[in-house]
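Peer 1: got a sequence here, can you model it:
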Amino acid sequence: MYYLIIFFILLAFASLECLNINRTSQTILLIIGASITCLTAGLRYETGGDWDIYSTIFNEIHTSPISFGRVADLEIGYLTINIIVKCLGGSLQTVYFIISIVNTILLMICLEVYIPRRKLLGLLIYYSIFFFALDMIYTRQSTSLLICLYAVQYIKRRKLAKYIALIAVAYLFHRMALLMLPVYFIADKHISNKIAMIVTAIGMVIMGTNTDWFIPLYLKVSSMLGDVYYEKALYYISNEQFAVARTISIGFFLNAFLLVIFIWRRKDIEKNKYGNTFFNLYIASLVIYYYFYELIEVSMRIRFYFFIAIIFLFPMIVENAKSIINRIMLMILLYAYSLAYNRHIMFEQPAGAAYNPYQNYLIYKITGKKSTGTERLNKSISITKEERAENNKEQDE
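Peer 2: Numbers count the residues shown, from 1 in each chain. Modelled structure (predicted):
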């Protein structure tokens with residue numbers, strides 16, 4: 001129930017914002033809401049995913065800046081934070097806390113820049129859809145993505161040097177940030193609604209007919225980028241947990257439906273000076289979802305950099321709704337979508353075992369309570385493997 005309580009707190013804040021509260025009240029509520037999510041991620045203890053891997057990394061890092069041990073191929077930005085923390089006598093929990101603070105500040109700045117009148121709604125969408133993956137699993141990628149998100153403003157402002165500099169900083173935390181470099185030259189172009197629908201339709205046909213094409217391209221591009229990328233690519237196409245294709249589910253239809261909504265309300269979106277850019281980023285997310293379906297894990301990680309556009313697109317539509325009734329109806333639909341997205345975690349279903357119950361580091365250390373993190377993580381991994389094995393079986397049939 002812990003995550004569900006946070007959801008309803010943020011939902012209440014977003015609803016108040018919908019009634020056009022003054023800016024001071026909005027800022028106070030944003031600080032409260034962001035603090036809750038920041039402390040939830042920053043003080044998590046053996047909760048969520050990949051904490052076992054990050055724990056191993058932290059333990060293997062030498063305190064000498066020139067001796068990284070067996071983790072020398074890890075991004076230098078994340079390594080540096082670990083080394084500094086370890087030199088000062090801190091623990092992995094300190095690393096989590098620092099990164100959570102940095103991420104929260106970056107997110108708040110992005111909300112202020114792109115949707116200043118609907119920041120609380122943006123925070124609710126981020127929490128509901130992205131928080132559990134980015135802040136509770138993909139620790140390095142979360143910082144990288146939010147730096148890239150902050151850099152998006154320089155596409156519209158045509159400041160290439162600043163954009164490249166920020167992408168370079170993001171690269172220090174996750175190599176996938178390089179994917180954002182060519183985005184500068186295409187993200188602000190006007191893509192017609194017809195082209196957007198045709199590209200999406202072709203992708204749906206490719207995925208719907210199980211057309212194989214992406215894996216050879218993925219290996220080729222990875223080999224061109226270097227050994228680290230190529231070895232990673234080989235791992236993703238050979239590991240039984242990751243070498244799994246995305247199957248047709250409700251998301252197959254829902255993502256296309258969202259495009260229809262964004263096209264329908266595109267004029268409202270484009271009233272915001274960054275609206276067209278985020279609309280294009282969402283189209284890119286659809287290309288990744290449908291065209292790169294052969295490797296769900298790779299597709300999902302790449303897609304985050306573009307799919308995050310929805311935390312701004314929805315508020316742009318709500319802000320420009322012509323009547324309070326239309327605004328309320330849009331908000332209700334948005335609330336339902338947000339709640340359903342990570343329902344397995346919110347409602348403590350088996351698939352969300354790694355997250356539930358939430359373990360707070362301070363409480364567990366003060367009380368001496370035994371962590372069940374390992375057991376829950378193994379259960380979650382087992383469920384994921386079973387689901388993906390079943391998907392592979394369906395694909396083969």
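Peer 1: who's in contact with stretch 226-234?
Peer 2: The contact list for stretch 226-234 (CB atoms under 8 Å, 6 or more residues apart in numbering) reads D73, R175, Y218, L219, S222, S223. Quick note: C-beta positions are derived from backbone N, CA and C, even for glycine.
Peer 1: stretch 182-196 now?
Peer 2: Under the contact criterion CB under 8 Å, 6+ apart, stretch 182-196 has outside partners 152, 154-156, 160, 163-164, 259, 263, 266, 276-277, 279-281, 283-284.
Peer 1: now with 10 Å?
Peer 2: For stretch 182-196, the external contacting residues (CB atoms under 10 Å, 6 or more residues apart in numbering) are 148, 151-152, 154-160, 163-164, 167, 180, 198-199, 259-260, 262-264, 266, 270, 274, 276-284, 286, 305-306, 309.
Peer 1: one step back: please identify which of the contacts of stretch 226-234 is nearest to M331.
Peer 2: R175 (37.8 Å; CB to CB).
Peer 1: give the contact list for that closest one.
Peer 2: Neighbouring residues of R175 by CB under 10 Å, 6+ apart: D73, L74, E75, R140, Q141, S144, L225, G226, V228, Y229, K232.
Peer 1: would you write a PyMOL line that selects the buried entries of those?
Peer 2: To isolate the buried members of these in PyMOL, using 16 or more other CB atoms under 10 Å:
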select buried, resi 74+75+140+141+144+229
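Peer 1: which one of the contacts of R175 is nearest to L333?
Peer 2: Distances from L333 to the contacts of R175, taken by CB to CB, are shortest for Q141, at 29.1 Å.
Peer 1: quick one on the thing from earlier: return the member of the contacts of stretch 226-234 nearest to F13.
Peer 2: Nearest to F13 among the contacts of stretch 226-234: R175, at 35.4 Å, using CB to CB.
Peer 1: by mean pLDDT, which helix or strand of this structure comes out lowest?
Peer 2: Lowest on mean pLDDT, DSSP states H and E among the helices and strands of the chain sits helix 373-396, with a mean of 75.
Peer 1: let's have the contacts of R175 in JSON lines, adding pLDDT, distance to I250 and secondary structure.
Peer 2: Formatted as JSON lines, the contacts of R175 follow (pLDDT from 0 to 100; distance: CB to CB, whole Å; DSSP: H, G, I helix; E, B strand; the rest coil):
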{"residue": "D73", "pLDDT": "67", "distance to I250": "37", "secondary structure": "coil"}
{"residue": "L74", "pLDDT": "82", "distance to I250": "36", "secondary structure": "coil"}
{"residue": "E75", "pLDDT": "89", "distance to I250": "34", "secondary structure": "coil"}
{"residue": "R140", "pLDDT": "94", "distance to I250": "30", "secondary structure": "helix"}
{"residue": "Q141", "pLDDT": "95", "distance to I250": "25", "secondary structure": "helix"}
{"residue": "S144", "pLDDT": "97", "distance to I250": "29", "secondary structure": "helix"}
{"residue": "L225", "pLDDT": "76", "distance to I250": "34", "secondary structure": "helix"}
{"residue": "G226", "pLDDT": "76", "distance to I250": "38", "secondary structure": "coil"}
{"residue": "V228", "pLDDT": "73", "distance to I250": "36", "secondary structure": "helix"}
{"residue": "Y229", "pLDDT": "76", "distance to I250": "33", "secondary structure": "helix"}
{"residue": "K232", "pLDDT": "78", "distance to I250": "30", "secondary structure": "helix"}
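Peer 1: wait, doesn't Q153 sit right on I147?
Peer 2: No: taking CB atoms under 10 Å as the definition, Q153 is not a contact partner of I147, at 12.0 Å.
Peer 1: more neighbours, the two?
Peer 2: Between Q153 and I147, counting by other CB atoms under 10 Å, I147 is the more crowded of the two (25 against 19).
Peer 1: element containing the more buried one?
Peer 2: helix 139-151 (DSSP states H and E).
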